[in-house]
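**Student:** Just need the structure, nothing else, for what follows:
(one chain, ligands or ions: 1)
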Amino acid sequence: MTDTATVSHSFQAEVSELLHLMVHSVYSETDIFLRELVSNASDACDKLRYEAIARPELIGDGEPPQIRIIPDKTANTLTIADSGIGMDRQELIDHLGTIARSGTKAFVQKLAEAKDGTGLIGQFGVGFYSAFMVADRITVISRRAGGSEVWTWTSSGGAGFEVAPSSEEDANRVTRGTEIVLHLKDDAKKYLETYEIERIVTAYSDNIQFPIMLVQPEGEPRQINSASALWQRSKSELSAEDYAKAYKSIANAFDEPAMTLHYRAEGRYSYAVLLFAPSTKPFDLFEPARKGKVKLYVRRVFITDDADLMPAYLRFIRGVIDSEDLPLNLSREMLQNNPQLAQIRKAVTTRVISELEQLAEKDAENFDKIWESFGAVIKEGLYEDFERRDKLLALARFITTSGEKRSLKQYVEGLKENQTEIYFLVGDSIERLKSNPRLEAAKARGVEVLLLTDPVDAFWTSARLEFDGKPLKSLSQGDINFDPIPVTESTPADEAQPAADEANTIALIKASLGDHVTDVKVSTRLTTSASCLVAGSHGPDRELERILSQQARGARTKPILEINLRHPLVVAVAKAAADKAKVDDLSFLLLEQAQILDGELPEDPAGFAARLNRLVLQGVAGA
Ligand SMILES: Nc1ncnc2c1ncn2[C@@H]1O[C@H](COP(=O)(O)OP(=O)(O)OP(=O)(O)O)[C@@H](O)[C@H]1O
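**Tutor:** Next up, the predicted model:
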């Protein structure tokens, strides 16, 4: 039996926050509410059509899935109705009371932090709740396909909503699907004008697969979208503008596509592909699930957007793959194990990468947008997609010590005499890396160094890669020898300072530091700084060790201390040989200084301060 009472519910905290922002925003581009509601209605029709493959009685001889927009100037309401899957009572409570997508949650947080978050609303959209920009009260009447109950959800924004069984009149009218009735605010009455409605539908929702009917008090309902599967049309019929519109409605996006890929594969399997690379970053790009959103259709019927049609490192790609040969009733297991899908996945991935290659060559501006937004994601492929690693490495762009963003091809073209390796340094900020002492020898020789600051860089660089036969080498690892490369820029330390006695100095420092380091060596990479720390040539890079130890995934190994024999502090060690306490102070200072330059704290900060004070006071007294 149906519960007859009206029950009040509170919104999840994030929803209340979002609604508050929505109601108080001075955002002028309120049009987006309509595309959000039409997009939800279309999703509901897609779901119905999919469920009806196994249960045809869900559609039966009832209305085919479609969307109706009904302006009513007398009641001052705008209704968006669909004959899609509908929602039962619990679904109304769950779906229209919470924010499920964590990307949207992150977005709301950003919105709240931003001084003027209104620009962000227009950029990303917030689904159903955006309707509160134009309505002060919303009523949702819904009947789940095949269900006997009809429920009404009502809210005026604020803290919560009510759910009650629908009136008999409403229940008789809504035979399947959902009716969303917006009681428009005074300043939103323009949305009752049919030309406004048509303008917005044409701009954003023309590619919706189901008929969108405009229903007016007089005259027959009229279809106002083209409802064609654009990807099935031939390229020659379509303009850049058609594609941009399709991108916006298929991906529910607000930006312009930076790359469009449209083709039809014929042969063993036939399928149409329409894919886009966005030009801006979505909020859920770094979600742990790393899910893609490319939609799988079978003969124009939407099946799922959860078929992992792209590898995780291309999860930002949006669009549709529509197969002619797959069965309509694909189960979850089949989605994972179907050899035909695996084949499609592989072929399309290869195609997307070659399209990116071409874009990089022919349209650097748009390629840069993609790399700027998604480079950190594509680089995940460098350690995940062994087969395409070389291609991905060639696509990659890096900030280097030259101050520019460069490809490895450009890097290799600028190699210095006798330089046989590609050098890089991994860290957490370009500014900090630029002042890293390990760059000194490279700088003195005019050798370019890649400065890598994305968290993922520490991982892929651990794989010992090569480009064009040149190994990639970390400047924070042991076995770097710059000696064969001629020095182009002499440094003051070179000329002014006599070098310290190597064997003697190293023995003294080793004795002082004991097992705080694995070794002490003379550096060829330092010219002005006194010391730096490096990892052994076979262990992980120091930046990777740092990340792993922060995540408690592995202990740090002791580093190697490299010293600059021409630096006065190092020269002072041998001079103080007879004074063990002073040698200890100087040696630890060399170690601790190097740690600080790496952005770390000395192991014993109090000891460090005491040492520093002692040495400074001695210096002051001696001066
Ligand atoms: N017309 C509808 N028919 C059936 N279910 C709906 C309808 N409108 C919304 N819903 C349900 O409510 C949920 C929340 O909708 P909302 O628009 O807030 O987010 P979304 O559609 O999941 O994401 P977004 O619109 O931001 O891409 C939907 O996922 C869907 O389950």
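**Student:** How about residues contacting whatever helix or strand residue 352 lives in?
**Tutor:** Assessed by DSSP states H and E, residue 352 sits inside helix 339-362. Around helix 339-362, the neighbours that count as contacts under CB atoms under 8 Å, 6 or more residues apart in numbering are 258-259, 261, 263, 265, 268-269, 271, 273, 275, 277, 307-311, 314, 317, 321, 323, 325-326, 334-335, 366-367, 370, 388, 391-392, 394-395, 407. Just so you know, the C-beta spots here come from the backbone N, C-alpha and C atoms, and that holds for glycine as well.
**Student:** quick check: angle from the next helix-or-strand element following it to helix 339-362?
**Tutor:** Toward the C-terminus, helix 339-362 is succeeded by helix 364-378 as the next helix or strand (DSSP H and E). Relative orientation of helix 364-378 versus helix 339-362 (axes from the mean of the first three to the mean of the last three CA atoms, to 10 degrees): 130 degrees.
**Student:** Near the ligand, which residues of this structure? Just list them.
**Tutor:** Counting by CB under 6 Å from any ligand atom, the residues of the chain close to the ligand are 36, 40-41, 44, 82, 84-85, 87, 95-96, 101, 104, 125, 127-129, 178, 252.
**Student:** which of the residues you listed are buried?
**Tutor:** Buried residues within the residues of the chain next to the ligand, counting neighbours by 16 or more other CB atoms under 10 Å: 36, 40-41, 44, 82, 84-85, 87, 95-96, 104, 125, 127-129, 178, 252.
**Student:** Take the residues you listed and keep only those in helices.
**Tutor:** For those, the ones inside helices are 36, 40, 41, 44, 95, 104, with DSSP state H as the criterion.
**Student:** List just the nearest of those to residue 484.
**Tutor:** Comparing those against residue 484 with CB to CB places residue 104 closest, at 55.4 Å.
**Student:** Now do the contacts for that closest one.
**Tutor:** Contacts of residue 104 (CB under 8 Å, 6+ apart): 126, 127, 283.
**Student:** Check which helix or strand the last one maps to.
**Tutor:** So that's residue 283. Using DSSP H and E, no helix or strand contains residue 283.
**Student:** lowest confidence element among the helices and strands of this protein?
**Tutor:** helix 492-496 (a mean of 51; mean pLDDT, DSSP states H and E).
**Student:** tell me which residues of the helix or strand that that helix is followed by are tucked away?
**Tutor:** Sequence order places helix 502-513 as the next helix or strand after helix 492-496, per DSSP H and E. Residues of helix 502-513 classed as buried by neighbour count (16+ other CB under 10 Å): 505, 506, 508, 509, 512, 513.
**Student:** report the angle between the axes of the one helix or strand residue 595 maps to and helix 502-513?
**Tutor:** Mapping residue 595 onto the secondary structure by DSSP H and E places it in helix 580-597. Here the directions of helix 580-597 and helix 502-513 differ by 90 degrees (the same axes, to 10 degrees).
**Student:** Now find how far off-centre whichever helix or strand comes after helix 580-597 is within its chain.
**Tutor:** Using DSSP H and E, the helix or strand that follows helix 580-597 in sequence is helix 605-622. Distance of helix 605-622 from its chain centroid, counting by CA atoms, centre = their mean, to the nearest Å, is 47 Å.
**Student:** With stretch 45-52 instead?
**Tutor:** 30 Å.
**Student:** ok, now stretch 337-350?
**Tutor:** 23 Å.
**Student:** Just give the nearest non-adjacent residue to the residue in the chain that the ligand sits nearest to, would you?
**Tutor:** The chain approaches the ligand most closely through residue 127 (2.5 Å), counting by CB to the nearest ligand atom. The shortest distance from residue 127 to any non-neighbouring residue, by CB to CB, 6 or more residues apart in numbering, is to residue 36 (5.5 Å).
**Student:** OK, contacts around the one you found?
**Tutor:** Per CB under 8 Å, 6+ apart, neighbours of residue 36: 125, 126, 127, 128, 130, 131, 252.
**Student:** Can you lay out these as a markdown table showing pLDDT?
**Tutor:** A markdown table is the format used below for these (pLDDT from 0 to 100):
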| residue | pLDDT |
| --- | --- |
| 125 | 61 |
| 126 | 73 |
| 127 | 82 |
| 128 | 91 |
| 130 | 88 |
| 131 | 93 |
| 252 | 82 |
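**Student:** Report the two members of these separated by the largest distance.
**Tutor:** So, these by CB to CB: farthest apart are 131 and 252, at 15.1 Å.
**Student:** thought residue 222 was touching residue 201?
**Tutor:** No: using CB atoms under 8 Å, residue 222 is not in contact with residue 201, being 11.3 Å away.
**Student:** Neighbour count: these two, which is higher?
**Tutor:** residue 201 (21 against 13; other CB atoms under 10 Å).
**Student:** For residue 62, see how far away the more buried one is.
**Tutor:** 24 Å (CB to CB, to the nearest Å).
**Student:** Tell me the buried residues in stretch 577-592?
**Tutor:** 582, 583, 584, 585, 586, 587, 588, 589, 590, 591, 592.
**Student:** Also stretch 278-297?
**Tutor:** Buried-residue list, stretch 278-297, by 16+ other CB under 10 Å: 278, 279, 280, 282, 283, 284, 292, 293, 294, 295, 296, 297.
**Student:** ditto for stretch 192-200
**Tutor:** 192, 196, 197, 198, 200.
**Student:** tell me the secondary structure for the closest residue to the first one other than its chain neighbours?
**Tutor:** Spelled out, that is residue 192. Counting by CB to CB, 6+ apart, residue 192 lies nearest to residue 71, which is 4.3 Å off, once chain neighbours are set aside. Three-state assignment for residue 71 (DSSP: H, G, I helix; E, B strand; the rest coil): strand.
**Student:** and what of residue 261?
**Tutor:** strand.
**Student:** Check residue 296 too.
**Tutor:** Following three-state DSSP, the label given to residue 296 is strand.
**Student:** contacting residues around it?
**Tutor:** Contacts of residue 296 by CB under 8 Å, 6+ apart are 302, 303, 304, 305, 307, 309, 320, 321, 322, 323, 330, 335.
**Student:** List of residues touching whatever helix or strand the second one lives in?
**Tutor:** Assigned by DSSP H and E, residue 303 belongs to strand 301-304. Under the contact criterion CB under 8 Å, 6+ apart, strand 301-304 has outside partners 46, 49, 50, 53, 209, 295, 296, 297, 326, 328, 330, 335.
**Student:** The last one touches residue 309, doesn't it?
**Tutor:** No: with contact defined as CB under 8 Å, residue 335 does not reach residue 309; the gap is 9.7 Å.
**Student:** okay, these two: which has more neighbours?
**Tutor:** residue 309 (25 against 17).
**Student:** Now stretch 470-488: buried residues?
**Tutor:** 470, 472, 473, 474, 475, 476, 477, 478, 480, 482, 485.
**Student:** Endpoints of that stretch, how far apart?
**Tutor:** 22 Å (CA to CA, to the nearest Å).
**Student:** what's the average pLDDT for it?
**Tutor:** Per-residue pLDDT values over stretch 470-488 give a mean of 85.
**Student:** what's the neighbour count on residue 98?
**Tutor:** There are 14 residues near residue 98, going by other CB under 10 Å.
**Student:** Look up the closest residue to it, ignoring the ones flanking it.
**Tutor:** residue 12 (4.2 Å).
**Student:** That neighbour against residue 95, yeah?
**Tutor:** No: applying CB under 8 Å as the test, residue 12 and residue 95 come out as separate, 11.3 Å apart.
**Student:** got any ranges where the stretch 351-500 of the chain has weak pLDDT?
**Tutor:** Filtered on pLDDT under 70, the stretch 351-500 of the chain yields the residue ranges 490-498.
**Student:** In it, what residue spans correspond to strands?
**Tutor:** 397-399, 405-407, 422-426, 449-452, 466-467, 470-474 (DSSP state E, counting those that start in this stretch).
**Student:** With that, I have no additional questions.
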